[in-house]
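*Asks:* this one's structure only:
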């Protein structure tokens, strides 16, 4: 439930696309997230495409976690089971706390769209240094599912009974 009595606190968000092949021009998933976040009143403070390499992913996300201007990080890609998919292995060790319910809920709501193939999603979320991090699959459909069913509300400070904004530096400004 969204409380219309309060103003929405905009978050500063970094969007990361994990891909060996996408460019800014072909990154439909990253662009979908940028568009929805901007429409919701959030600010995109960083956007990057990084190849699926554990150490390059950790370096980029660690830099954003250390940057007080970044309140949230959303990554798309690298959460499957191919040999190169390494987003969970790269980013989970950076979390101070895991958001177990995010992956569970994502797979639950994905069941409607992709059936039992949802078990192959390793979507995950966590908190690190007062930064909320969500790791989504690389398809635009998966990003839409996550945004419409989870992230739109959980990144909205007016959502009740709770949301992630107060746990980030956005909630402290």
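*Replies:* Noted; the coordinates are in hand. Worth saying up front: this structure is predicted, and the values here are computed from it rather than measured.
*Asks:* doesn't residue 132 make contact with residue 95?
*Replies:* No - using C-beta atoms under 8 Å, residue 95 is not in contact with residue 132; the gap is 10.1 Å. Every C-beta, even on glycine, is put in place using the N, C-alpha and C of the backbone.
*Asks:* Which neighbouring elements make contact with the helix ranked longest in the chain?
*Replies:* If you go by DSSP state H, the chain has its longest helix at helix 100-114. When contacts are defined as 3 or more C-beta pairs under 8 Å, 6 or more residues apart in numbering; DSSP states H and E, helix 100-114 packs onto strand 124-128, helix 140-146.
*Asks:* Same question for the helix or strand following the longest one: list its buried residues.
*Replies:* Translated: helix 140-146. Next in sequence after helix 140-146, counting helices and strands by DSSP states H and E, comes helix 152-154. For helix 152-154, the neighbour count (16 or more other C-beta atoms under 10 Å) marks 152, 153, 154 as buried.
*Asks:* okay, now the nearest residue to residue 170 once chain neighbours are set aside: neighbour count?
*Replies:* Leaving aside its sequence neighbours, residue 170 sits nearest to residue 71 (C-beta to C-beta, 6 or more residues apart in numbering; 4.0 Å). Using other C-beta atoms under 10 Å, the number of residues around residue 71 comes to 29.
*Asks:* Residue 71 contacts residue 43, correct?
*Replies:* No - at 9.1 Å, residue 71 and residue 43 do not qualify as touching, with contact defined as C-beta under 8 Å.
*Asks:* quick one on the thing from earlier: I'd like the mean pLDDT over the longest helix of the chain, please.
*Replies:* The average pLDDT within helix 100-114 is 95.
*Asks:* how distant is it from the center of its chain?
*Replies:* 14 Å (C-alpha atoms, centre = their mean, to the nearest Å).
*Asks:* Only the buried residues of that helix, if you could.
*Replies:* Buried residues in helix 100-114 (16+ other C-beta under 10 Å): 102, 103, 105, 106, 107, 110, 114.
*Asks:* same thing with stretch 142-155?
*Replies:* 142-147, 149-155.
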